[in-house]
Each structure stands twice: as C-alpha cells, then as structure tokens.
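# no sequence on this one, just coordinates:
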C-alpha cells in the first residue's frame, strides 16, 4: 500500500520493464500511482534509457534496444502523467523509421515487422498523443 516502505526517493530500477511492472502493480492494486513515489524523478530517469535514435534500452545505458522498451517507457510516462523524461519527437522518429514495406512495424529499423512490435508502436504513439504520425 502507499504507506509501505517503498522509498519516496525512487528514481528507477536497473531495467525499464521493472519500472513499468512496479507502477502497473501500484495502479492495479491501489488504483493510482502512490504519492510516496517521486513521480518527476522517476520520469526524468527515463532519459537514462533513451538513445539518440529515439529508442530505449532494456537497462540503463546498455542492453538491447527495440520497440518493447519504447512501449515500457511510454507506459511509465503515461501512468506518471509526466513526459519530461522522454524526447517524444525522437521516439516518434524511431517508430516511423521502423515501419516496414507492409505498413507494419518492426522491433527496430531494418528488421522484419510483426504484430507484437506493431502493437507496441501504435500503443506508444497513442499514449504520446502522436498516433496521427502514422495514419
């Protein structure tokens, strides 16, 4: 619960999927993001995951980069209602460069598109308010 020992100084775990998971658990069990979580600090920590090409790494400053981690970052920012840690224009550019010849989206530019990465891309664009970029 929100009165538990979860640190108010939380910035981020070491993996973006864990940030997403923890916030999802709070939202699903408590109904909102706990006030004890420093929302702005956590949002700013997303900068450590974003790469110059707009993609996001799985862990801070390293790891694989693909559409799944962009989705995780967007979910975190959306739940926090704070986009200050994401360069939205760069993220949208990453999605657009990942669109394949068939109109679907790949995990990264130049790879084969598939349904999972297309979902992650479209959902991310929707959360960022930029769905019109691909429509």
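That came in fine, so what should we check first? Given the structure is predicted, the values throughout are model-derived calculations rather than measurements.
# roughly how far does the residue lying closest to residue 81 once chain neighbours are set aside sit from residue 112?
Counting by Cβ to Cβ, 6 or more residues apart in numbering, residue 81 lies nearest to residue 39, which is 7.7 Å off, once chain neighbours are set aside. In short, each C-beta sits where N, CA and C put it, glycine included. Per Cβ to Cβ, to the nearest Å, residue 39 is found 37 Å from residue 112.
# do the same with residue 47
30 Å.
# neighbour count winner among those two?
Set residue 47 next to residue 112 and count neighbours by other Cβ atoms under 10 Å: residue 47 wins out with 14 against 10.
# contact partners for the more buried one?
Contacts here follow Cβ atoms under 8 Å, 6 or more residues apart in numbering; on that basis residue 47 touches 85-86.
# any idea how far residue 38 is from it?
15 Å.
# residue ranges for the helices of the chain, please.
Here the chain has its helices, by DSSP state H, at 16-30, 39-45, 67-80, 88-97, 115-128.
# distance of the residue nearest to residue 81 relative to residue 127?
Distance from residue 39 to residue 127, counting by Cβ to Cβ: 16 Å.
# what about residue 14, neighbour count?
Neighbours of residue 14 (other Cβ under 10 Å): 13.
# does residue 96 really touch residue 135, like I thought?
No - using Cβ atoms under 8 Å as the test, residue 96 is too far from residue 135 to be in contact (11.8 Å).
# show me what contacts residue 32?
Residues near residue 32 by Cβ under 8 Å, 6+ apart: residue 26.
# give me the phi and psi angles of it.
Dihedral angles of residue 32 (phi, psi; degrees, to the nearest 10) stand at phi -160, psi 170.
# what separates it from residue 57, distance-wise?
Taking Cβ to Cβ, one finds residue 32 at 28 Å from residue 57.
# where in the chain is pLDDT low?
Across the chain, the ranges flagged by pLDDT under 70 are 1-13.
# can you tell me the closest non-neighbouring residue to the spatially most central residue of it?
Central residue of the chain (Cα atoms, centre = their mean): residue 73, 1.3 Å from the mean position. Closest residue in space to residue 73, ignoring its immediate chain neighbours: residue 56 at 4.8 Å, by Cβ to Cβ, 6+ apart.
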